[in-house]
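Novice: Predicted model and sequence follow; I will ask about them next.
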Amino acid sequence: MYTVTPEHRLAEARALSGALALADLAGWKISSSSSLILPPPFRNYLHVEQAQLLLVPSIEPSRCDLEIVGRGMREARCDALVVKASSEGRRTLYCALGKWGRQGNNWHHSRRLWLSRHNEAWLVPDPAEPVEVDLFYRLTPGPLRIGFEPFVCAEPDIDAGLDRADAYLAAVWGDR
């Protein structure tokens, strides 16, 4: 339970605008007339039909909300992308991707937005965090799929792509 403060509202706004920025980069259309009707507590999730995805802006600390999101995934029978804006330090987005499966959901944590020189958007493992599996996801209009490492062939410096992504987010958030 949160006491609603200006900082709380700002955190919610950053998470939502960050999630919408990812949707824009991927070319996802979020329809208010989605055929999916979710019960509470999932009603604030954004349904991206073409990507078979629940886009979930969140301000919950760490991985506290993933159990609830997992229930929403089972209800909707689709993947989920939980998007959190950093609350301290460098302003960026942290994402957790949940892949829905009949036998259970599989989570990939500690993903960050990475942009190529040509503004191709990827979710890549955060180099500052230990990662269970190095999987890379290209943001495209369809469902999130595993891709090859974006910077192995095109750009050897992962930090440059993370810096471009953070600059893009700073512009979205009006930090520049």
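Specialist: Alright, I've got the coordinates.
Novice: Flag the shaky bits of the chain, pLDDT-wise.
Specialist: 1-2, 33-35, 61-63, 131-132, 149-156, 176 (pLDDT under 70).
Novice: The same query, at a cut-off of 80, please.
Specialist: Along the chain, the parts satisfying pLDDT under 80 run over 1-3, 31-36, 60-64, 87-89, 130-134, 148-157, 176.
Novice: all helices of it, in order?
Specialist: 6-26, 66-76, 150-153, 158-173 (DSSP state H).
Novice: chain center to the second one: distance?
Specialist: In terms of C-alpha atoms, centre = their mean, to the nearest Å, the gap separating the centre of helix 66-76 from the centre of its chain is 15 Å.
Novice: Please spell out which residues along it are buried.
Specialist: L66, V69, G70, G72, M73, A76 (16 or more other C-beta atoms under 10 Å). Backbone N, C-alpha and C define where each C-beta goes, glycine included.
Novice: right, and out of those, which lies closest to L144?
Specialist: M73 (13.1 Å; C-beta to C-beta).
Novice: roughly how far apart are P57 and E129?
Specialist: When C-beta to C-beta, to the nearest Å is the yardstick, P57 and E129 sit 20 Å from each other.
Novice: okay, those two: which has more neighbours?
Specialist: With other C-beta atoms under 10 Å as the criterion, P57 and E129 differ in neighbour count, and P57 comes out ahead with 24 against 11.
Novice: For that one, give me its contacts.
Specialist: By C-beta atoms under 8 Å, 6 or more residues apart in numbering, the contact set of P57 is E12, A15, L16, G18, A19, N44, L46, V83, K84.
Novice: And the first one, how close does it get to A165?
Specialist: Meaning E12. 21 Å.
Novice: Next: the second one.
Specialist: Going from A15 to A165 by C-beta to C-beta gives 16 Å.
Novice: who's more crowded, those two?
Specialist: Neighbour tally, A15 and A165, criterion other C-beta under 10 Å: the higher count belongs to A165, 25 against 21.
Novice: got the contact list for the closest residue to that one other than its chain neighbours?
Specialist: What sits nearest to A165 in space, not counting adjacent residues and going by C-beta to C-beta, 6 or more residues apart in numbering, is L113, at 4.0 Å. Counting by C-beta under 8 Å, 6+ apart, L113 touches L22, L25, T92, L93, C95, A121, W122, L123, L162, A165, Y168, L169.
Novice: so who does the third one touch?
Specialist: If I follow you right, that is T92. T92 neighbours (C-beta under 8 Å, 6+ apart): A85, S86, R112, L113, L162, A165, D166, L169.
Novice: Swap in 10 Å and give it another go.
Specialist: 18, 84-86, 112-113, 126, 162-163, 165-166, 169-170 (C-beta atoms under 10 Å, 6 or more residues apart in numbering).
Novice: Done for today, thanks.
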